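Asks: What follows is a predicted structure for the sequence shown.
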Amino acid sequence: MPSLPSKTLDTFPNPNAGRDYQIHIEVPEFTCLCPLTGQPDFAVLLLDYIPDERCVELKSLKMYTWSFRNEGAFHEAVTNKILDDLVAALDPRYFRLTAKWYVRGGIFTTVVAEHRKPGWTPAPAVALHQFDSLPHGNMRG
């Protein structure tokens with residue numbers, strides 16, 4: 001039996017809930033319809049999140065994003081709807097959804113929506129030294 005689109009987002013327990021780590025997911029074939037013309041709109045969705053207790057199951061995410069294919073929505077509205085649904089399902093420490101919409105009428109649109117769990121603060125960023133530019137014979141230990 002073929003798969004069907006679904007609004008259900010399945011999750012699984014975070015295997016390393018004691019650690020902040022980033023999950024990056026790309027959905028290169030997101031589609032919905034322009035609410036004014038009915039023409040298809042295409043986007044690449046970039047999902048970056050730091051899970052808390054739950055992670056999103058990828059097949060359910062695929063079926064979820066597919067469920068928008070025949071729905072009319074403005075870019076800003078559908079981006080924020082997807083973020084709200086993912087936050088409701090996962091309750092992540094942090095989530096950023098970037099929707100990079102393909103050109104329509106000579107205009108590209110990128111919509112970025114974020115969520116931060118109340119009380120969560122990220123650890124300070126760590127700057128790592130780059131060794132790529134050093135000649136192989138000049139590495140110091």
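Replies: Received it, and whenever you're ready, just let me know what you need.
Asks: contacting residues around the lengthiest helix in the chain?
Replies: For the chain, the helix that runs over the most residues, judged by DSSP state H, is helix 75-90. Outside of helix 75-90, the residues within contact range by CB atoms under 8 Å, 6 or more residues apart in numbering are 7, 9, 11, 32, 41, 43, 45, 47, 49, 51-52, 54-56, 64-65, 68, 71, 73, 92, 95, 97, 99, 101, 109, 111, 113-115. Any C-beta I mention is one placed from the backbone N, CA and C, and that applies to glycine too.
Asks: same thing with stretch 65-73?
Replies: By CB under 8 Å, 6+ apart, stretch 65-73 touches 5-7, 27, 30-35, 38, 45, 78, 81-82.
Asks: Buried members of those into ChimeraX, please.
Replies: The ChimeraX command for the buried members of those (criterion: 16 or more other CB atoms under 10 Å) is given here:
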select :27,30,32,33,45,78,82
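Asks: Go through the contacts of helix 75-90 and flag which are in strands.
Replies: 11, 32, 41, 43, 45, 47, 49, 54-56, 95, 97, 99, 101, 109, 111, 113-115 (DSSP state E).
Asks: Which residue is the nearest non-sequential neighbour of residue 67?
Replies: Spatial nearest neighbour of residue 67, excluding adjacent residues (CB to CB, 6 or more residues apart in numbering): residue 5 at 3.8 Å.
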